[in-house]
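Q: what shape does this take:
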Amino acid sequence: MIERDAFLIPEWPAPPTVHALVTTRRGGVSKPPYDEFNLGTHVGDDLEAVAANRGLLRRYLPAEPFWLEQVHGIEVAIAGEGRSAPVRADASVARAAGIVCAVMTADCLPVLFCDSAGTVVAAAHAGWRGLAAGVLEATLEAMAVAPERVMAWLGPAIGPGVFEVGDEVRAAFLMSDSGAEAAFVPCGAQGKWLADIFMLARRRLARAGVEQVYGGGLCTVSEPGRFYSFRRDAVTGRFASLVWFDE
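A: Here you go, the predicted structure:
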């Protein structure tokens, strides 16, 4: 991961026409507790500050991001097909140059995708509910390319040392993959587990046939100066993970 000013640049072997970045909480105008670069309009921040932050982000992009109204589901929107954002979905796919797919997170896992030819990109919001329900698989289906031609990058999310969940979360993953047991470690009281969302995502991508998976490991909770975290702060902002391609 390369850090440049307020952004993180994913390190993955994407084609040169594919571009991606992740915002941090640095460099914007929002006041505490949303300081500084909050991009979410739904978290209680001053909307003029959010608009200013989005304007700052827009300077680095070929177009306004295709923002989503995320609901922890598996709906995938095709960006740029006459649909104005925000669209209620948890992932988007772009097949034309200059269209920016984006997801916002503050502990959930952002996953960026592209194909080896640089002709399709996608972004998915994978909280545990969406991940267990199949949002990554739905995104791959919408991309409509062979999985061996897809590469995925896992962005910052709540880390395995702090992501405490209950039995119901573990059961949701074991229902479709008994091997997912390896992603859960007992902690504290009976029925409580530490979950590795990066491992869970890698398992699901592997089962879908995606072998090129990069990133993972950056913990939002553990870096309060760099990332927003709902689990840590409750009232907080959202950062964005974005991907697009050129002609």
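Q: partners of the most centrally placed residue in the chain in the sheet?
A: Within the chain, one residue has its C-alpha closest to the average C-alpha position: by CA atoms, centre = their mean, that is residue 110, at 1.2 Å. Beta-bridge partners for residue 110, by DSSP bridges, are residue 125.
Q: tell me the contacts of it?
A: Contact criterion CB atoms under 8 Å, 6 or more residues apart in numbering gives 22, 103, 123, 124, 125, 126, 154, 155, 156, 157, 241 as the residues in contact with residue 110. Every C-beta, even on glycine, is put in place using the N, C-alpha and C of the backbone.
Q: was I right to think the fourth one contacts residue 103?
A: What it means is residue 124. Yes: contact status for residue 124 versus residue 103: in contact at 6.5 Å, counting by CB atoms under 8 Å.
Q: those two: which is more packed in?
A: Between residue 124 and residue 103, residue 124 has the larger neighbour count (other CB atoms under 10 Å), namely 33 against 30.
Q: so what's the more buried one closest to, chain neighbours aside?
A: Closest residue in space to residue 124, ignoring its immediate chain neighbours: residue 91 at 3.9 Å, by CB to CB, 6 or more residues apart in numbering.
Q: pLDDT value on that neighbour, please?
A: Model confidence at residue 91, given as pLDDT, is 98.
Q: and it, how far is that from residue 214?
A: With distances defined as CB to CB, to the nearest Å, the gap from residue 91 to residue 214 amounts to 18 Å.
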